[in-house]
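# Here is my input, please return the structure:
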Amino acid sequence: MNARTAVILWICAFVLFPTMAPAQESMDSALLDRLNKHYGSIDTFVADYVQESKTQALGGPQPITMKEINRGVIYFRKPGLFLVDQKEPRSETVIANAEYTWWVIPEENKVYRYPPQSRSGVIKALSGLLSGREKLEDFFRLSLVETDDSELVIGMSPLEPAEDFQRLDATLDKRSLKLLAMRVIYPLGQEVLFEFNSVQEDTALPKDFFEYSPPADARVIINE
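A predicted model of the protein is given here:
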């Protein structure tokens, strides 16, 4: 899998091979109330990320697992604005605003434009947690996957069967409920794991931060 495939995972979902779900426990009402209050109260999220994409492909007598590592910075502001600034292995940017989703590839002088309703995969999964919907349980089947002294892992499965990701496992700081990691599992098993560092909540972002216009000399590919 190349760098282009890794970036487009922010825009669309891939389907490959089945994955077994971990054991889960029901979530108590006190924790659910804390989650709803916390993510309902924050307006922005900024963090460095490391993305690991895992894909299984048939090769010889046993499946082969291919991995791709990407690094960058992610910015989010309610009600669903994203900017994903990939630094490694090459510079690429995904900007999701009210009008379009843009995928910018400076090395190739190309810009891909998608309609906002085409957002899926990682962007839709992350937005589901960060958007601060009034009650997460109205949109997700929630469960406590794992817990220790410092962290919680919350399983979030969409209630609507049309959603294109099967489950989101969110690792949260047990005390502050800050998002530390996120594993997105697609319907037939492809996985994307994100680890977040230097997490900032409610940091100020410029009003026009998520606006974008392609350079005049860029090749713009429009996808309707």
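
# For the protein, which segments are assigned as helices?
For the chain, the helices defined by DSSP state H cover 3-8, 29-41, 121-130.

# Lowest average pLDDT across those?
Least confident of these, judged by mean pLDDT, is helix 3-8 with a mean of 48.

# Against residue 51, how distant is residue 71?
Distance of residue 71 to residue 51, given as Cβ to Cβ, to the nearest Å: 7 Å. Every C-beta, even on glycine, is put in place using the N, C-alpha and C of the backbone.

# between these two, which one's more packed in?
Just comparing residue 71 and residue 51: by other Cβ atoms under 10 Å the higher neighbour count belongs to residue 51, 23 against 14.

# How about the more buried one, nearest residue that isn't a chain neighbour?
The shortest distance from residue 51 to any non-neighbouring residue, by Cβ to Cβ, 6 or more residues apart in numbering, is to residue 70 (4.3 Å).

# and if you look at residue 142?
What sits nearest to residue 142 in space, not counting adjacent residues and going by Cβ to Cβ, 6+ apart, is residue 27, at 5.0 Å.

# Burial check on residue 43, number of neighbours?
Number of residues near residue 43 (other Cβ under 10 Å) recorded here: 15.

# do residue 223 as well
Residue 223: 12 neighbours (other Cβ under 10 Å).

# That one is in contact with residue 103, isn't it?
No - Residue 223 lies out of contact with residue 103 (Cβ atoms under 8 Å); the separation is 9.4 Å.

# what do these two both touch?
Shared contacts of residue 223 and residue 103, defined by Cβ atoms under 8 Å, 6 or more residues apart in numbering, comprise 112, 114.

# wouldn't residue 46 be in contact with residue 203 here?
Yes - using Cβ under 8 Å, residue 46 is in contact with residue 203, at 5.3 Å.

# Show me which of the two is the more surrounded one.
The neighbour comparison of residue 46 against residue 203 (other Cβ under 10 Å) goes to residue 46, with 19 against 13.

# Could you list which residues are in contact with the more buried one?
By Cβ under 8 Å, 6+ apart, the residues touching residue 46 are 73, 74, 75, 76, 199, 200, 203, 205.

# What residue, apart from its backbone neighbours, is nearest it spatially?
Residue 46 sits nearest to residue 200 (Cβ to Cβ, 6+ apart), 4.4 Å away.

# got it, and residue 26?
Nearest non-adjacent residue to residue 26, counting by Cβ to Cβ, 6+ apart: residue 143, 6.3 Å away.

# if I look at the nearest residue in space to residue 202 that is not next to it in sequence, how far off is residue 131?
Distances taken as Cβ to Cβ, 6+ apart place residue 42 nearest to residue 202, at 5.3 Å, with adjacent residues excluded. Between residue 42 and residue 131 the computed distance is 10 Å (Cβ to Cβ).

# who has more neighbours, those two?
Shown here are residue 42 and residue 131; by other Cβ under 10 Å, residue 42 has more neighbours (18 against 15).

# Hmm, that one is touching residue 199, no?
No - with contact defined as Cβ under 8 Å, residue 42 does not count as touching residue 199 (10.7 Å).

# quick one: average confidence on stretch 155-166?
Mean per-residue pLDDT for stretch 155-166: 77.

# Pull out the buried positions in it.
Within stretch 155-166, the residues that count as buried by 16 or more other Cβ atoms under 10 Å are 155, 156, 157, 158, 163, 164, 165, 166.
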